[in-house]
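**Student:** Quick one, what's the 3D model for this:
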Amino acid sequence: MNRRDFLRLTAAGAAALSVPNLAFSGDSSKKRPNVLFMAIDDLNDWIGCLGGHPDVKTPNLDKLAGRGVLFTNAHCSAPACNPSRASLMTGILPSTSGVYHNPDPWRNSPALKDAVTIPQHFMAHGYSAVGGGKIYHGGFPDPPSWQSYFPSQKNNKPDDPVPANRPVNGIPNTSHFDWGPVDVPDRQMGDRQVAAWATEQLRKKHDKPFFIACGFFRPHLPWYVPTKYFDMYPPDKITLPNVNENDLDDVPELGKKMAKPQGDHAKVLKHKQWRKAVQGYLASITFVDTCVGRVINALDRSAYADNTIVILWSDHGWHLGEKLHWRKFSLWEEATHNVLMAVVPGVTKPHRRCPRPVTMVDIYPTLIELCGLTPKAELEGKSLVPLLKNPQAKWDRPALTTHGRNNHSLRGERFRYIRYSDGTEELYDHEKDALEWTNLANDPKYAAVKKELAKWLPGKNVPDVPKNKGKKS
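**Tutor:** Take a look at the predicted model:
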């Protein structure tokens, strides 16, 4: 059974029960809920509860998903760290801000220059707001968003140990496109340090409601994690992705340009690294799963367990050979599909799965509604509270993902529609073609489907934001 069939079956079997709206209503006699805001970098749907890979071991993520609502059809606003996170944290789409790529300084955008981020909005309503690890893209931290940050306001990521001789995989000239074990204890890893920081925050006595952001870097490249996690996945027993060698034959030129099949994929095949690469990614996922578990266990032991909203998300997906492509930076399922789960005391019930297409830009208005904060008219997402109460509730729009100006994907419950800046298109029917192997865009039978989805393309596509001269991201 492939992952899309898995999701379809589990979604169909989920109960569609409505629960009372017990979210904070603004009544000052009620105590505002705390927020534990957890981010994982470059994590696709290869976790147990999403069925993305049959070999993966993610007991802590699976347990957390079972405590509330798991969004099985969640997608990023952009398939790259910086634009995805800037959009999520401000509630503004890339097509409105012009923040399309990793090197784009998001505060240079006229639309985001004075934008109030999620933690800033919480601070304005009496919350403390602290963060640790990777929440914003590394080159563009945002000190005004936080009262304090670990390890510092300017350096948001703790250092990691690395192997002595790099690259480990023998692939030359690929920067940090590398994987291999490091013979160190977990406590020396940056993500473990972030987990320890978050644990300490949850042990503290808080005199006002808190917003704690905890960002984990793995499974971002390079995939260097302790040896014991690699040992969990012997390469000769690993399941490789199901890949069609002719997959790009019906893809427009701009899609092929994004895939770059003669780049990473060709190098991985040449150096016989596919199994070891999948091993490295799975090992990194299981490592970060243990970090998540430590933080959630600390919350459960704390005085705040019954009054803390947990939102866990990843910034986008990741290709490991599908569409002859590696990394993110595409508009196909592997790059856009990400992880989103929510546990909200008094609102969510355990073991709920939501198949509706949602995006990360929806998180900001959701938290506003749940915590009784002042609404913000400029936000471009839609509150997920109705879906938290009833995962089968009506939802009238697809998930929009943008990669570069005028390149968009719209993902509904059945179809994915892609339109590139030159007007070329792709259309995939996930009911019949879960791996997106057959482009239906030129089939006249689907003209109405394309027309309906195209209604949701953004009407505004502003130019790229100006870069900071001489500054590298």
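
**Student:** Gly180: what secondary structure?
**Tutor:** With DSSP: H, G, I helix; E, B strand; the rest coil as the basis, Gly180 sits in strand.

**Student:** Roughly how far does it sit from Asp315?
**Tutor:** Distance, Gly180 to Asp315, by C-beta to C-beta, to the nearest Å: 24 Å. The C-beta positions use only the backbone N, C-alpha and C, and glycine is treated the same way.

**Student:** Those two: which has the busier surroundings?
**Tutor:** Asp315 (30 against 21; other C-beta atoms under 10 Å).

**Student:** and the closest residue to the more buried one other than its chain neighbours, what does it touch?
**Tutor:** Leaving aside its chain neighbours, Asp315 sits nearest to Ser84 (4.3 Å; criterion: C-beta to C-beta, 6 or more residues apart in numbering). By C-beta atoms under 8 Å, 6 or more residues apart in numbering, the residues touching Ser84 are 76-78, 315-316, 360.

**Student:** where's Ser84 relative to Thr336, distance?
**Tutor:** Noted for Ser84: a distance of 10 Å to Thr336, by C-beta to C-beta.

**Student:** what do these two both touch?
**Tutor:** Joint contacts of Ser84 and Thr336 (C-beta under 8 Å, 6+ apart) are 76, 316.

**Student:** where along the stretch 251-400 of the chain do the helices fall?
**Tutor:** When secondary structure is read from DSSP state H, counting those that start in this stretch, the stretch 251-400 of the chain shows helices at 253-259, 266-270, 274-301, 333-336, 363-371, 385-389.

**Student:** Can I get the host helix or strand of the residue nearest to Asp315 as PDB, trimmed to CA atoms?
**Tutor:** Using DSSP states H and E, Ser84 falls within helix 81-90. Taking Å, rounded to 0.1, in the frame of the first residue of the first chain, the C-alpha atoms of helix 81-90 are listed here in PDB:
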ATOM      1  CA  CYS A  81      12.800  27.300   4.200                       C
ATOM      2  CA  ASN A  82      12.800  31.100   4.100                       C
ATOM      3  CA  PRO A  83       9.700  31.900   2.100                       C
ATOM      4  CA  SER A  84       7.700  29.100   3.900                       C
ATOM      5  CA  ARG A  85       8.600  30.300   7.300                       C
ATOM      6  CA  ALA A  86       8.200  34.000   6.500                       C
ATOM      7  CA  SER A  87       4.700  33.300   5.200                       C
ATOM      8  CA  LEU A  88       3.800  31.100   8.200                       C
ATOM      9  CA  MET A  89       5.100  33.600  10.800                       C
ATOM     10  CA  THR A  90       3.400  36.700   9.200                       C
END
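
**Student:** so after that helix, what's the next helix or strand?
**Tutor:** Of the helices and strands lying after helix 81-90 in sequence (DSSP H and E), the nearest is helix 94-97.

**Student:** Next, the buried residues of that following helix.
**Tutor:** Neighbour-count burial for helix 94-97, with 16 or more other C-beta atoms under 10 Å as criterion, is recorded at 94-97.

**Student:** My understanding was that Glu380 contacts Pro94; is that so?
**Tutor:** No: contact criterion C-beta atoms under 8 Å: Glu380 and Pro94 do not qualify, at 10.2 Å.

**Student:** Any stretches of the stretch 201-350 of the chain with poor pLDDT?
**Tutor:** Within the stretch 201-350 of the chain, no stretch has pLDDT under 70.

**Student:** what are the ranges of the strands in it?
**Tutor:** Assigned by DSSP state E, counting those that start in this stretch, the strands in the stretch 201-350 of the chain fall at 210-216, 223-226, 308-314, 319-320, 326-327, 340-343.

**Student:** Throw those into JSON lines and include distance to Lys63, thanks.
**Tutor:** Output for the strands of the stretch 201-350 of the chain, formatted as JSON lines (distance: least, C-beta to C-beta, whole Å):
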{"stretch": "strand 210-216", "distance to Lys63": "17"}
{"stretch": "strand 223-226", "distance to Lys63": "21"}
{"stretch": "strand 308-314", "distance to Lys63": "12"}
{"stretch": "strand 319-320", "distance to Lys63": "25"}
{"stretch": "strand 326-327", "distance to Lys63": "29"}
{"stretch": "strand 340-343", "distance to Lys63": "11"}
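
**Student:** Val130: which of these is closest?
**Tutor:** Comparison of those against Val130 by C-beta to C-beta identifies strand 210-216 as nearest, at 5.9 Å.

**Student:** Quick one: list the elements packing against that closest one.
**Tutor:** Judged by 3 or more C-beta pairs under 8 Å, 6 or more residues apart in numbering; DSSP states H and E, strand 210-216 is in contact with strand 34-40, helix 118-124, strand 128-133, helix 190-203, helix 274-301.

**Student:** picking that back up, which of the helices of the stretch 251-400 of the chain sits most buried?
**Tutor:** Of all those, helix 333-336 has the most neighbours on average by mean count of other C-beta atoms under 10 Å, namely a mean of 27.

**Student:** What lies in contact with that one?
**Tutor:** The contact list for helix 333-336, computed with C-beta under 8 Å, 6+ apart, reads 44, 75-76, 79, 316-320, 322-323, 325, 328-330, 399, 401, 403, 409, 411, 416, 428, 430, 435-436.
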